[in-house]
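In: Got a sequence here, can you build the structure:
(chains A and B)
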Amino acid sequence: MKFIIIGGAAATAHGSARLTVDLDVVYERSAENIAALASALEHSEPYMRGAPPGLPFRFDPPTIQRGLNFTLTTIYGALDTLGEVTGGGNYHDLIDHCVELNLFGCKCYCLDLPTLIHVKRAAGRPKDIEAIAELEGLQRRLPKASQ
Amino acid sequence: MYLEGAVTPGSEDVCVSDEVIELYMKDVDFTLVEENLKLTPEQRLINLMNLQRFAEELRRAGQALG
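Out: Take a look at the predicted model:
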């Protein structure tokens, strides 16, 4: 499945010490990958975060095709599956701005630190200001090659 | 434009000024960051998951108090 880790979890992977309680990923929107995403979450009970319980929601390929960004609850925790992200665009726009990480036996793409900072700045959310300050300081502590 | 092909409206707006970021940076505890930099990315994420579990336990304990 093609996806990129962004947001707080990506910040943690780079060295951030801030606590985040959700996982944000940008997924690729081909029919094949959408089917893989739906299949991967099939047994995780994905449901729209903040929606009243009991709605007839199925996180299946037609639903994903009709939508774009989904903020979900799952049995493993909060998961945001994003087709596009403000300031960064879609999977294809971001893939050249990633680092490849070996996490738990899998190779995963994670947004690189300069792009993560750019995306958080572009989002312009007050809650991100402290996170941006930490990431900017973190970036200054790293050799260029490791970002 | 920073990323060619970025399509979200407003994506070129960088709303947070450098001056504001510099002010906030003074209050960041970078000793925590420096400790994290000694770890691998996987170790950092494992620590995050442990911290999330601890935060959830604290939340549950707080709710049990009423």
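In: Secondary structure class of B:Lys38, three-state.
Out: Following DSSP: H, G, I helix; E, B strand; the rest coil, the label given to B:Lys38 is coil.
In: what about it, neighbour count?
Out: 9 (other C-beta atoms under 10 Å in any protein chain shown). C-betas here are computed from N, CA, C, even on glycine.
In: Ok, A:Leu142 next?
Out: The burial count for A:Leu142: 14, using other C-beta under 10 Å.
In: B:Glu34 now?
Out: 13.
In: For it, give its distance to B:Ile21.
Out: Distance from B:Glu34 to B:Ile21, counting by C-beta to C-beta, to the nearest Å: 19 Å.
In: what's the lengthiest helix in chain B packed up against?
Out: With secondary structure taken from DSSP state H, chain B has its longest helix at helix B:41-65. Packing partners of helix B:41-65 (3 or more C-beta pairs under 8 Å, 6 or more residues apart in numbering or on different chains; DSSP states H and E): helix A:7-14, strand A:98-103.
In: So for chain B, which of those sits nearest?
Out: Chain B sits nearest to helix A:7-14 of all those, at 4.2 Å, using C-beta to the nearest C-beta.
In: ok, residues contacting that closest one?
Out: Applying C-beta atoms under 8 Å, 6 or more residues apart in numbering or on different chains, the contact partners of helix A:7-14 are A:5, A:16, A:18-20, A:22-24, A:80, A:101, A:103, A:110-111, A:113, A:116, A:131, A:134-135, A:138, A:147, B:36, B:41, B:44-45, B:47-48.
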